[in-house]
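J.: After the sequence you'll find the predicted model.
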Amino acid sequence: MSRVAKGLGKPAAKSRPGRKPAARSRPGRKPAAGGRPTPAAAKPAPAARAATPMPTGLVRLLDDDGMVARGKDPNLAEPVLRFLYEQMVQVREFDRRMLMLQRQGRIGFYGPILGQEAATVGSVAALEPRDWIFPALREGAAAMMRGLSLTEAINQLIGNGADRCKGRQMPCHYTFKEGHYYGMSSVIGTQISHAVGAAMAARIRGDDIVVLGYMGDGATSANDFHCGMNFAAVYRSPCVLFCQNNQWAISVPISKQSASETLAQKGKAYGIPYVRVDGNDVLAVYSVTRAAVERARQGDGPTFVEAVTYRRLGHSSSDDPTRYRDEAEVKAWEKKDPIDRFRAYLVRQGLWDDQREAAFKDDIAQRVNAAIAAAEANGPPADETLVTDVYAEVTPQLREQLAEVLALDGRGVNEGAFPL
């Protein structure tokens, strides 16, 4: 984690008197019928006592001009407020530069986050360092907030010899185990079941962690969404399922994705508390996610969060959004920009100004430039990595196949273009 991020989290909430602890695997349990012990995950957890009612409607603390209604300011500490803003600005600048690299042919693919910075940064910042993150597609900033360096991120985008994935993973699909950040997958919705299961495993082990599992609006139509939501509800898995509703599942609008009035209310069908939040309001996202995390840690089970936001660029660098949506829609959402809104709030609080803005952006530019230079100085993955990590020891057959590839006339392993 970054220097500032380490001090973000409050101490984990302790169980209040009279609250039943989350069900855990304990030695000496009575065996089930037939004399065989029943695993903790094979039966529903005991019912939790009534929790604090979830907020209704769209939770919003900042209006479009960065004003907070009387009595709604969460009064976060100054270091937290600055950290939230700096991370949002950093990921936007990183995105801009990486998209430029893709257009120049220096990386093969990129999935931009423009417009969704508050939803990602605000929700990740609400976790404790020990908690785990299961990303969908646009949560690369989460890995960087947890300590993934800019150079490492660009190594992965290039797929060079210093890439921890050894060039095998799609660009923009980071993995960062040290930061409790699970590897991304392009398969829609699969991470939902993984997040729910990992949280359940942690509870069985007695680990005091919460898992934050992300998804897009399109993932709510996937089988894994229904399986994950139902399992999380029945067994009270300590997780927060966070839907970034950016209005478009590639070219499919939300109106063709679901007939429900909101995506948040889908939680009701499964018996999961749910909340709908303005995803362009970083204070609201942080506050809602923080409450959901504490609820899960106290043994009250999962929460389903719908963050209403907007994807202002294409689904990826391979997508042309002008083919399927009206530019007027994009312009309307630009007026709800999450960074502009939060900066206005910080300026009113006396915590930010034009001089700090210029200095910080200059610092980001220098760091990104240095990271690009360092990453591009690395050569391609070693030829042997084509066959390593398949088995514990490379088999004679694989060695023979590698030798045949290397012997091909006029062609090396690392030549060729990215398919997208």
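T.: Looks like it came in fine.
J.: Residues contacting the helix or strand harbouring Ala375, please?
T.: In this assignment (DSSP states H and E), Ala375 forms part of helix 354-376. For helix 354-376, the external contacting residues (C-beta atoms under 8 Å, 6 or more residues apart in numbering) are 86, 89-90, 93-94, 97, 101, 106, 149-151, 153-155, 157-158, 160, 162, 343. For every residue, glycine as well, the C-beta is placed using N, CA and C.
J.: From those residues, list just the buried residues.
T.: Buried by 16 or more other C-beta atoms under 10 Å: 86, 89-90, 93-94, 97, 101, 150-151, 153-155, 157-158, 160, 162, 343, out of those.
J.: Name the residues of the helix holding Ala375 that are buried.
T.: For helix 354-376, the neighbour count (16+ other C-beta under 10 Å) marks 360, 364, 367-368, 371-372, 374-375 as buried.
J.: State the next helix or strand along the chain beyond the longest helix seen in the chain.
T.: Counting residues, the longest helix in the chain under DSSP state H turns out to be helix 78-103. Where DSSP H and E defines the elements, the next helix or strand beyond helix 78-103 is helix 117-125.
J.: What is the neighbour count of Tyr310?
T.: The local packing of Tyr310 (other C-beta atoms under 10 Å) involves 23 other residues.
J.: residues in contact with it?
T.: Neighbour list for Tyr310: 115-116, 246-247, 280, 330, 333, 336 [criterion: C-beta under 8 Å, 6+ apart].
J.: My guess is Phe225 contacts Ile192. True?
T.: Yes: with contact defined as C-beta atoms under 8 Å, Phe225 counts as touching Ile192 (5.6 Å).
J.: which element is Glu306 on?
T.: Per DSSP H and E, Glu306 falls inside strand 303-308.
J.: what residues does that strand touch?
T.: Here strand 303-308 has contacts from 54, 58, 119, 123, 229, 240-245, 262-264, 266-267, 270, 272-280, 285, 288-289, 292, 295-296, using C-beta under 8 Å, 6+ apart.
J.: Can you flag which of the residues you listed belong to strands?
T.: 58, 240-245, 274-278 (DSSP state E).
J.: How much space separates Ala143 from Phe134?
T.: Ala143 is 12 Å from Phe134, where distance means C-beta to C-beta, to the nearest Å.
J.: Poorly predicted segments of this protein, please.
T.: Across the chain, the ranges flagged by pLDDT under 70 are 1-53, 410-420.
J.: 90 - rerun?
T.: 1-56, 69-70, 137, 169-170, 184-186, 405-420 (pLDDT under 90).
J.: quick check: angle from the longest helix of the chain to helix 117-125?
T.: 120 degrees (axes from the mean of the first three to the mean of the last three C-alpha atoms, to 10 degrees).
J.: so what does helix 78-103 touch, helix or strand wise?
T.: The helices and strands touching helix 78-103, judged by 3 or more C-beta pairs under 8 Å, 6 or more residues apart in numbering; DSSP states H and E, are helix 117-125, helix 140-145, helix 150-158, helix 282-297, helix 338-348, helix 354-376.
J.: Counting neighbours, go ahead and name the busier of Phe225 and Ile192.
T.: Ranked by neighbour count (other C-beta under 10 Å), Phe225 and Ile192 place Ile192 first, with 29 against 23.
J.: how far away is that one from Ala259?
T.: Distance, Ile192 to Ala259, by C-beta to C-beta: 21 Å.
J.: what about the nearest residue to Asp353 once chain neighbours are set aside, neighbour count?
T.: In this structure, Asp353 finds its nearest non-sequential neighbour in Val347, 6.5 Å apart by C-beta to C-beta, 6 or more residues apart in numbering. Using other C-beta under 10 Å, Val347 is surrounded by 15 other residues.
J.: again, but for Asp64
T.: Neighbour number of Asp64 under other C-beta under 10 Å is 15.
J.: In which helix or strand does the residue nearest to it when sequence neighbours are not counted reside?
T.: Sequence neighbours aside, Lys336 is the residue nearest to Asp64 in space, at 5.7 Å (criterion: C-beta to C-beta, 6+ apart). Assigned by DSSP H and E, Lys336 belongs to no helix or strand.
J.: Please list all residues in contact with Lys336.
T.: 64, 280, 310.
J.: If anything else comes up later, I'll come back, but that's it for now.
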